[in-house]
Structures are given as C-alpha cells and as structure tokens.
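Participant: sharing a model prediction with you, sequence too.
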Amino acid sequence: DDVEEIIRTYGLQRGMHRFKGVMVSGRYISIDKFRNGTWSDKMKHAYSHVRLVDCSPLIVEIIKEKTTISDDEQLRRIVSNIIELAEICKVYDQYRGFMMYSEILKQYERGQFLNAHLEINRAVKYLKNLIFDLNKVHYPEEKSYYIGYFSNLPLQPSGFDEKIHEILQLPYDERHFLQRVHLLVAFSREVLAFCEEHTELPENIYDFYMTSTQ
C-alpha cells in the first residue's frame with residue numbers, strides 16, 4: 001500500500017494529537033512492513049500489552065505471530081536471566097550446576113556502597129524479567145521499571161509488586177545495605193522456586209545456556 005497517498009487522501013495527522021477527546025499517536029505503516037519488517041524489543045513489548053480495538057483478523061494474526069514466544073525460547077530466556085541474577089547476587093552457593101557469584105558483595109567490600117545498592121537494583125531487574133519470561137511476554141532489555149504491569153500477569157508469586165517495592169524504597173546507605181540484601185536473597189529464592197514450579201529447568205543451567213546460544 002502507498003501509505004503516503006492514504007495519509008494525503010484522508011488528511012491523517014502524524015504524531016501526538018487529540019481525536020474526540022482522546023490523545024492519539026498518529027503512526028502509519030503498510031501491512032507488508034508491519035508483517036515483514038524487523039520488530040524491536042520495544043515494539044514487541046508494546047504489542048504484547050495493547051488492547052485491540054476494531055482490528056481486522058489479519059492485524060490480530062500478525063501481532064500474535066510477532067509476539068509469540070516458543071517453549072524453547074522461553075526456557076532459554078529463563079535460564080539466561082537466572083544466570084544474570086546469579087552473577088550479581090549469591091542466592092545460593094551453587095544452583096543447578098552454576099556457581100553463584102556476588103557482584104553486590106564485591107562492590108560493598110571495596111567500600112563502594114552506592115554501587116553495591118545499584119547492583120541490588122540490577123538484580124531486581126532480572127527478577128522482573130523472569131516473571132515476564134514465565135508469562136511469555138516480551139520486554140525491552142534496557143528497561144527495568146515495569147512494576148505496574150505485573151498485577152495483570154497470571155503467573156507471579158503472591159505479593160510480587162509489594163516485595164519489589166520494599167527492596168527498592170529502602171535508603172541506599174551503609175546502614176540499610178544488609179537489610180536490602182536479605183530481602184533480595186529471600187525474594188530471589190522465592191522467585192526461583194516459583195520458576196521451578198512452572199517450568200522444567202535443566203539440571204545444569206550453564207551447560208544448557210552455552211549450548212542454546214551457539
């Protein structure tokens with residue numbers, strides 16, 4: 001389709017504008033580009049959450065095709081995020097054949113207290129990613145603040161939002177460091193147990209990860 005010609009013919013507006021009292025983002029793309037173009041992680045994430053209004057079956061089919069995550073891809077993502085978490089926070093000494101490491105403790109022992117707190121926040125990101133993975137929802141890798149969406153996801157530990165908020169809202173100082181680490185480790189164990197309950201994790205997650213990424 002000639003998108004530019006359609007825009008001119010119907011006087012369509014680009015960018016943000018109001019239509020019947022509703023703020024609308026005027027973006028236009030041909031069906032061919034919508035189906036065959038490369039979708040970024042941001043686009044996949046956005047279309048995983050949209051509420052479709054007055055869409056043709058073709059559009060619904062394309063969105064489903066572009067946002068579907070296979071069982072194999074889901075498992076690869078879960079394992080990858082567990083490994084990322086396990087390099088930041090030593091939830092266990094060893095987990096399914098992978099020796100856990102603590103970047104948090106490393107920064108703390110150097111006296112880099114703010115960096116240690118920021119590593120705690122980074123670990124929280126991977127806990128969120130694991131819940132997205134369990135629900136087969138795309139997420140943009142660089143984003144780490146999608147707290148509000150979790151209430152609508154069917155697979156998540158009880159009180160997920162509240163426990164994440166408790167970790168994040170404590171002061172980032174030396175006095176609250178151990179408290180934040182304790183909360184993170186306890187909740188990480190809960191999330192890992194939840195993953196085990198809803199997926200069949202490999203016995204050796206690192207071997208699986210190395211094989212699946214080759």
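Facilitator: Perfect, thanks for sending it.

Participant: so what's the residue count around residue 35?
Facilitator: For residue 35, the count of nearby residues is 16 (other CB atoms under 10 Å). In this view, the C-beta of every residue, glycine as well, is placed from N, C-alpha and C.

Participant: for it, list the residues it contacts.
Facilitator: Going by CB atoms under 8 Å, 6 or more residues apart in numbering, residue 35 touches 62, 65, 66.

Participant: check which element follows the helix or strand encompassing residue 168 along the chain.
Facilitator: Per DSSP states H and E, residue 168 falls inside helix 160-169. On the C-terminal side of helix 160-169, the closest following helix or strand by DSSP H and E is helix 177-198.

Participant: what comes up buried for that next one?
Facilitator: By neighbour count with 16 or more other CB atoms under 10 Å, helix 177-198 contains the buried residues 177, 180-181, 183-185, 187-188, 190-192, 194-195.

Participant: can you redo those as JSON lines with distance to residue 168?
Facilitator: Shown next, in JSON lines, are those (distance: CB to CB, whole Å):
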{"residue": "177", "distance to residue 168": "14"}
{"residue": "180", "distance to residue 168": "9"}
{"residue": "181", "distance to residue 168": "13"}
{"residue": "183", "distance to residue 168": "10"}
{"residue": "184", "distance to residue 168": "10"}
{"residue": "185", "distance to residue 168": "15"}
{"residue": "187", "distance to residue 168": "11"}
{"residue": "188", "distance to residue 168": "14"}
{"residue": "190", "distance to residue 168": "16"}
{"residue": "191", "distance to residue 168": "15"}
{"residue": "192", "distance to residue 168": "19"}
{"residue": "194", "distance to residue 168": "19"}
{"residue": "195", "distance to residue 168": "21"}
